[in-house]
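In: need a 3D model of the sequence below.
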Amino acid sequence: MSRTHTSALFTALVCALWGSIGNSLFAADRPPNFVIIFIDDMGYADIGPFGADADLTPHLNRMAAEGRKFTDFVVSTAVCSASRVALMTGCYHRRVGIDGALNHSANHGLHADEITLGEICKQKNYATAVFGKWHLGHHPKFLPLQHGFDEYFGLPYSNDMWPLQADYIKTSNVPKRKKGYPNLPLIEGNKVVDNDVDSDDQRQLTTQYTDHAVDFIKRHRDEPFLVYLPHSMVHVPLFVSQKFDGKSGRGLFSDVIMEVDWSVGEILKVLEECGIDENTCVIFTADNGPWLNYGDHAGSAKPLREGKGTEWEGGIRVPTVMRWPGTIPAGSVCDELASTIDILPTIAATIGAELPSHPIDGMDIRPLMFGEEDAVSPHEAFYCYYSNGQLQGVRDRRWKLMFPHKYRTLNGRSGGTGGIPVNYEQAETGLELYDLKNDIGEAKNVIDDHPDIVARLENHAEIAREQLGDKLTNREGNQVRPAAELQEGDERLMW
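Out: A predicted model of the protein is given here:
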């Protein structure tokens, strides 16, 4: 080899080594990045690390192998907007005045006084973005750019909130409420960029959200960033791009799961390519459990009880994986109670940002994330079991007390096929106690065996009723903050 070639090779090796060292030093000198991947209506058993066929989710399997699986991770409630506002504010949804699922007719949304994840990160000069389903109000004053985010691209609410076309579903069993919906808009920033999202457009959403996130990461690789990636899938109606259509060989739902997993893989790949993998915490979780009456177009909550729209574990316990190489222990499992409301205070503590001056409900769960020895849940009690203004239950790390209320169920029947739902039945529960550490499926009511635990959880429930109210007992909460209302003169989203 000539002296010139030897010198060139030596120079290349030095540059490569210095680039590697430089990246490590650079990562140590800057705050960590955060990517939050939020799936719509995903069941507890829908991904490989939680019981699904492993070959459907190789990238999520990798996340679990290189990170930490959370087996008792819950949401504020089992419905879209309420669950999302809890993630975004670190509060029980009842505290911030948003219940249910907002649609095109809603004239209220996220209040400007609430401090969001985006605003927490903005304290430390993070670049921030949302790519996907927002669902906290669709008029401009409620959209992400007014709440701490630099960029936004996505649907303002659920992908089924559209006029179902005759060529998509030909049946009289379609819920009547959808027949009055206007066109579904796609928004970028504060403006509509597609005023009539159709089936072909929906097939591209997972890819488009992912491409936007990847591009954002590349553009902001040299500064700290927060990416919130709330996918529209696996909410019905299910859509998948051509590259995954039929790929699973197990039906459309499995195809969609594969594409969601592909999206995770694209995020992990770009972090590695940008040399920021070890300085980025990736959180994968969901807004609630599966919409079970859609049958083969819905996921599985097994071994949990019931699904979306109920306060049983199948509705509010979601599959969650966190990965942060070198910080979160690889191949580990956390069985302690934690929640989406904990993400905001945990990120705030990690980057040294100030928490809001008003009350929030989330806790710093870094000891759980980082696998500290003997770490336990910081929640003495959890009041997430609110539905339609009713406190339907309260729990601690082990025990869950359910109060008498009505709930929807398939009562052992199968759900629908081909995107056509079957009707739920109504059931009613009494005052019941479950040992969630030994009875994850909530099959055995042990209330007669533990009167002391019932009394203790009843005391916690009284605190919840005093602060947040309870329609079951006709109580008004004294710490409920209102949602924002659209006022005369406010700009309206037009499409």
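
In: for the helix or strand hosting residue 211, name the packing helices and strands.
Out: Assigned by DSSP states H and E, residue 211 belongs to helix 205-219. Judged by 3 or more CB pairs under 8 Å, 6 or more residues apart in numbering; DSSP states H and E, the packing partners of helix 205-219 are strand 33-39, strand 127-131, strand 151-154, strand 225-230, helix 252-273. Placement of C-beta: from N, CA and C, glycine included.

In: run the last query once more with 7 Å
Out: Helix 205-219 is packed against strand 127-131, strand 151-154, strand 225-230, helix 252-273, with contacts defined by 3 or more CB pairs under 7 Å, 6 or more residues apart in numbering; DSSP states H and E.

In: buried set for it?
Out: 205, 206, 207, 208, 209, 210, 212, 213, 214, 216, 217 (16 or more other CB atoms under 10 Å).

In: same thing with stretch 315-327?
Out: 315, 316, 317, 318, 319, 320, 321, 322, 323, 324, 325, 327.

In: correct me, but residue 189 touches residue 154?
Out: No - with contact defined as CB atoms under 7 Å, residue 189 does not count as touching residue 154 (10.9 Å).

In: between those two, who's got more neighbours?
Out: residue 154 (25 against 15; other CB atoms under 10 Å).

In: excluding sequence neighbours, find me the nearest residue to that one.
Out: Excluding the flanking residues, the one nearest residue 154 by CB to CB, 6 or more residues apart in numbering is residue 132, at 4.5 Å.

In: rewinding a little: can you redo the buried residues of helix 205-219 as CSV with pLDDT and distance to residue 250?
Out: Shown next, in CSV, are the buried residues of helix 205-219 (pLDDT from 0 to 100; distance: CB to CB, whole Å):
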residue, pLDDT, distance to residue 250
205, 98, 21
206, 98, 18
207, 98, 21
208, 98, 25
209, 99, 24
210, 98, 22
212, 98, 29
213, 99, 27
214, 98, 27
216, 99, 32
217, 98, 31
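
In: which of those lies closest to residue 264?
Out: residue 210 (9.0 Å; CB to CB).

In: tell me where the stretch 101-250 of the chain has helices.
Out: Under the criterion DSSP state H, counting those that start in this stretch, the stretch 101-250 of the chain carries helices at the ranges 117-122, 199-203, 205-219.

In: quick check: the gap between the residue nearest to residue 154 and residue 120.
Out: Distance of residue 132 to residue 120, computed by CB to CB, to the nearest Å: 19 Å.

In: do residue 472 as well
Out: 33 Å.

In: ok, the residue nearest to residue 154 touching residue 232?
Out: Yes - in this structure residue 132 lies within contact range of residue 232 using CB under 7 Å: 6.4 Å.

In: look up how far residue 37 lies from residue 258.
Out: Counting by CB to CB - residue 258 and residue 37 are separated by 15 Å.

In: same check, this time on residue 226
Out: 12 Å.

In: could you do residue 139 as well?
Out: Residue 139 is 26 Å from residue 37, by CB to CB.

In: settle it for me: which of these two has more neighbours?
Out: With neighbours defined as other CB under 10 Å, residue 139 and residue 37 compare such that residue 37 has more, 25 against 20.

In: report the beta-bridge partners for the more buried one.
Out: With DSSP bridges as the criterion, residue 37 is bridged to residue 229, residue 284.

In: that one: what's it in contact with?
Out: Applying CB atoms under 7 Å, 6 or more residues apart in numbering to residue 37 gives the contacts 229, 264, 283, 284.

In: go with 8 Å
Out: If you count contacts by CB atoms under 8 Å, 6 or more residues apart in numbering, residue 37 has them with 229, 231, 263, 264, 267, 282, 283, 284, 285.

In: neighbour count, distance to residue 42 and pLDDT added to the residues you listed, as a markdown table?
Out: Below are the contacts of residue 37 laid out as a markdown table (neighbours: other CB atoms under 10 Å; distance: CB to CB, whole Å; pLDDT from 0 to 100):
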| residue | neighbour count | distance to residue 42 | pLDDT |
| --- | --- | --- | --- |
| 229 | 25 | 13 | 99 |
| 231 | 26 | 9 | 98 |
| 263 | 22 | 13 | 98 |
| 264 | 25 | 12 | 98 |
| 267 | 22 | 16 | 98 |
| 282 | 25 | 16 | 98 |
| 283 | 26 | 14 | 99 |
| 284 | 29 | 9 | 99 |
| 285 | 22 | 9 | 98 |
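
In: show me which of these is closest to residue 467.
Out: Nearest to residue 467 out of the contacts of residue 37 is residue 285 (CB to CB; 25.4 Å).

In: tell me the pLDDT at residue 376?
Out: What the model reports as pLDDT for residue 376 is 98.
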